[in-house]
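Enquirer: what follows is a protein structure lacking sequence information:
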């Protein structure tokens, strides 16, 4: 019987019990799934682009935001992007198609990913992420 056939959604608890019983150090990694931040709304829209095996780019559309209204930070293996926008009470919209509201987006990231660069240009926030590859795992050519 293959490993994939052994576990499915009906017996997920058995899978978690087996991980605890037959592995060392994996419990912390798996328990992170329990702490995932779920964003209920689909705002703001974003892309995650794989640039290479060790490099990712997150693009977030933030039309109407100023750089001073956006913060990007990491904490407890999470990447946070927050936008603080004050409501415009005096504006009388006939149609409001741009949602300029405050938000918080969070993604869980592993220990070996770091933020390399954060850019905000023309309403697009770009966060470049880089995987940290230890020296002993990097390619070494000997001939």
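Expert: That came in fine, so what should we check first? Remember, predicted model here, so these are calculated numbers, not experimental data.
Enquirer: drop to CA atoms for contacts and neighbour counts, all remaining ones
Expert: OK.
Enquirer: for residue 113, what are its contacts?
Expert: 129, 130, 131, 132 (C-alpha atoms under 8 Å, 6 or more residues apart in numbering).
Enquirer: can you redo those residues as a markdown table with neighbour count and pLDDT?
Expert: Below are the contacts of residue 113 laid out as a markdown table (neighbours: other C-alpha atoms under 10 Å; pLDDT from 0 to 100):
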| residue | neighbour count | pLDDT |
| --- | --- | --- |
| 129 | 21 | 96 |
| 130 | 18 | 96 |
| 131 | 17 | 93 |
| 132 | 12 | 92 |
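Enquirer: which of the residues you listed fall within strands?
Expert: 129, 130, 131 (DSSP state E).
Enquirer: test my guess that the first one contacts residue 111.
Expert: By that I understand residue 129. No. The pair formed by residue 129 and residue 111 falls short of the contact definition of C-alpha atoms under 8 Å, at 11.9 Å.
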